[in-house]
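Asker: Sequence unavailable; structure follows:
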């Protein structure tokens, strides 16, 4: 099934600037409306994962570009695609 690229109805973050959803309507991502301080940097993105329907919990990750690069690096180790520049070092 292909989902329309619009905010899923389970998403509680109506202020988030929606970008994409995927994985059987269980994951969505967007830009934070206001950057959130994160160490010496700012988080500018949000990635949400909806747990199984019986649980209904929504995991909310607020991340920045550096965090996304480290996610890619970890995903490369799992799927062996080597999409991150870190995997090519």
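Answerer: Thanks, I have it. What you see is a predicted model, and the numbers here were worked out from it, not measured in a lab. Numbers count the residues shown, from 1 in each chain.
Asker: Off-centre distance for the top strand by length along the chain?
Answerer: In the chain, assigned by DSSP state E, the strand with the most residues is strand 27-38. Centre-to-centre, strand 27-38 and its host chain are 9 Å apart (CA atoms, centre = their mean, to the nearest Å).
Asker: what's the answer for stretch 37-50, then?
Answerer: On the basis of CA atoms, centre = their mean, stretch 37-50 is displaced by 9 Å from the centre of the chain it belongs to.
Asker: Just the buried residues of that stretch, please?
Answerer: Using 16 or more other CB atoms under 10 Å as the test for burial, stretch 37-50 gives 43, 44, 45, 46, 47, 48, 50. From N, CA and C alone the C-beta is placed, and that goes for glycine too.
Asker: Pull the most distant pair out of those.
Answerer: The largest separation in the buried residues of stretch 37-50, counting by CB to CB, is between 44 and 50 at 21.8 Å.
Asker: Can you add distance to residue 63, secondary structure and pLDDT and give the buried residues of stretch 37-50 back as TSV?
Answerer: Output for the buried residues of stretch 37-50, formatted as TSV (distance: CB to CB, whole Å; DSSP: H, G, I helix; E, B strand; the rest coil; pLDDT from 0 to 100):
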residue	distance to residue 63	secondary structure	pLDDT
43	6	strand	97
44	8	strand	97
45	5	strand	97
46	8	strand	96
47	6	strand	95
48	11	strand	93
50	17	strand	88
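Asker: Verify the stated contact: residue 81 with residue 74.
Answerer: No - the criterion here is CB atoms under 8 Å, and residue 81 misses it with residue 74 at 11.8 Å.
Asker: Now the common contact residues for these two.
Answerer: The overlap between the contact sets of residue 81 and residue 74 (CB atoms under 8 Å, 6 or more residues apart in numbering) is empty.
Asker: that older thread, strand partners of the longest strand of the chain, parallel vs antiparallel please.
Answerer: strand 17-22 (antiparallel), strand 41-50 (antiparallel) (DSSP bridges).
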